[in-house]
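What follows is a predicted structure for the sequence shown.
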Protein chains: 2
Amino acid sequence: MYEAQVKITLKKTVADPQGLTLKHSLESLGFSGIENVRMGKFIVIKLAAKDEKKAAAEADEACKKLLANPIIEDYSFKVFTI
Amino acid sequence: MYEAQVKITLKKTVADPQGLTLKHSLESLGFSGIENVRMGKFIVIKLAAKDEKKAAAEADEACKKLLANPIIEDYSFKVFTI
């Protein structure tokens, strides 16, 4: 059994109103020195596969086909044996 | 300048309908062997701080006060110098 931990982030050029709201909220709470906040997704997939390479290939395909929107998002993932 | 990468995940006992929907969608797309999908948040904070320890303390406080809901979510973060 493998676990793929996928990070999906908005591309740098894409506006992130949710991140901006978090930044303003943190400032309202008294946090200083916050330069920027960007909001993304963290998806954990547990999957059965023959080997780690196959599991990584499946995770990559899942990102491409469903999880990430390649127009506005970047993704990266790590695969662990569990 | 430091970058804190925060992962926020639902606690294991908390139902995750969004993750379940992703699992079913992946299965509809023909992915086999998907055991479980859990949806979380990935937040990247760029912040100025005196040193890495201070940056980590600030990120931890931000998670506790705003970013994570400790009743239903777990969080972890890593701090990098950028």
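Structure's in. What do you need? Numbering: from 1, shown residues only, chains lettered A, B, ... in the order given.

Where do the strands of chain A begin and end?
A:2-10, A:34-47, A:73-81 (DSSP state E).

Contact partners for the nearest residue to A:Cys63 once chain neighbours are set aside?
Nearest residue to A:Cys63, sequence neighbours excluded (Cβ to Cβ, 6 or more residues apart in numbering or on different chains): A:Tyr75, at 4.6 Å. Any C-beta I mention is one placed from the backbone N, CA and C, and that applies to glycine too. Applying Cβ atoms under 8 Å, 6 or more residues apart in numbering or on different chains, we find A:Tyr75 in contact with A:6-9, A:63, A:67-68.

Apply 6 Å and report the result again.
A:Tyr75 is in contact with A:8, A:63, A:68, counting by Cβ atoms under 6 Å, 6 or more residues apart in numbering or on different chains.

repeat for A:Ile45
A:4, B:37.

quick one: pLDDT of it?
On the pLDDT scale, A:Ile45 is placed at 98.

Bridged to it, which residues?
A:Ala4, B:Val37 (DSSP bridges).

pretty sure A:Phe77 contacts A:Glu3?
No: here A:Phe77 does not reach A:Glu3: they are 10.1 Å apart, not a contact under Cβ atoms under 6 Å.

Around chain B, pick out the residues from chain A.
A:7, A:25-26, A:29, A:33-49, A:62, A:65-66 (Cβ under 6 Å from any Cβ of the partner chain).

Got a PyMOL select line for the buried ones in these?
Entered in PyMOL, the line below selects the buried ones among the residues of chain A next to chain B, by 16 or more other Cβ atoms under 10 Å in any protein chain shown:
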select buried, chain A and resi 7+25+26+33+34+37+38+39+40+41+42+43+44+45+46+47+49+62
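
Including distance to A:Asp16, could the strands of chain A go into CSV?
Putting the strands of chain A into CSV (distance: least, Cβ to Cβ, whole Å) gives the following:
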stretch, distance to A:Asp16
strand A:2-10, 5
strand A:34-47, 5
strand A:73-81, 11
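
what's the closest of those strands to A:Ala56?
strand A:73-81 (4.7 Å; Cβ to Cβ).

For chain B, state which of the contacts of A:Tyr75 is nearest.
Among these, A:Ile8 lies closest to chain B (Cβ to the nearest Cβ), at 6.9 Å.
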